[in-house]
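Participant: I need the structure of the sequence given here:
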Amino acid sequence: MNLFEYDLKSKQTRKITQFTEYDVKFPSLNGDLIAFENGGYVYLYDLKTNQQSKVSVQVQEDFAVGRNKQMDATKNINGIGIAPDGARAILSARGDIFTVPAKNGVVRI
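Facilitator: Here you go, the predicted model:
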């Protein structure tokens with residue numbers, strides 16, 4: 001699948017992208033640009049210039065496994081609350097939310 005253009009006056013169809021390995025997926029129009037995915041990459045097709053370009057996408061993750069060291073969150077608690085039944089407490093520290101059991105159990109992040 002590729003992108004096609006249909007002329008309402010001449011009733012002619014023209015193929016405007018030439019992908020052969022993967023299908024064009026999720027096309028979305030915004031003004032004179034069509035954004036779409038192909039082979040895991042995001043592209044923009046400019047209707048004014050009839051040119052397509054690959055969009056550079058960088059995902060900045062902040063998962064615990066991506067951090068270079070672990071910190072003791074107990075020294076950085078900035079918020080606390082107790083469950084209505086008193087079974088768990090909720091803590092906020094270093095941008096994470098923790099739930100802690102009153103007696104026995106697992107700390108959840």
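Participant: return the set of residues that bridge with Asn38.
Facilitator: In this entry, Asn38 is beta-bridged to Val24, Tyr41, by DSSP bridges.
Participant: next up, the contacts around it.
Facilitator: 17, 19, 22-25 (Cβ atoms under 8 Å, 6 or more residues apart in numbering). C-betas here are computed from N, CA, C, even on glycine.
Participant: what of Ser53?
Facilitator: 43-44, 46.
Participant: in CSV, list those residues along with neighbour count, pLDDT and secondary structure.
Facilitator: Shown next, in CSV, are the contacts of Ser53 (neighbours: other Cβ atoms under 10 Å; pLDDT from 0 to 100; DSSP: H, G, I helix; E, B strand; the rest coil):
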residue, neighbour count, pLDDT, secondary structure
Tyr43, 19, 97, strand
Leu44, 15, 97, strand
Asp46, 13, 96, strand
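Participant: let me see the confidence value for Asp96.
Facilitator: Confidence at Asp96, expressed as pLDDT, is 86.
Participant: which residues touch it?
Facilitator: For Asp96, the contacting residues are 73, 109, by Cβ under 8 Å, 6+ apart.
Participant: before we move on, what about Ile97?
Facilitator: 90-91, 109.
Participant: okay, and the beta partners of it?
Facilitator: Those that pair with Ile97 in a beta bridge, by DSSP bridges, are Ser92.
Participant: state the distance from the residue nearest the centre of the chain to Val42.
Facilitator: Central residue of the chain (Cα atoms, centre = their mean): Val59, 7.8 Å from the mean position. With distances taken as Cβ to Cβ, to the nearest Å, Val59 is found 12 Å from Val42.
Participant: in a helix, Thr49, correct?
Facilitator: No: under DSSP: H, G, I helix; E, B strand; the rest coil, Thr49 sits outside any helix and is assigned coil.
Participant: which pLDDT value goes with it?
Facilitator: Thr49 carries a pLDDT value of 95.
Participant: what's the neighbour count on it?
Facilitator: 9 (other Cβ atoms under 10 Å).
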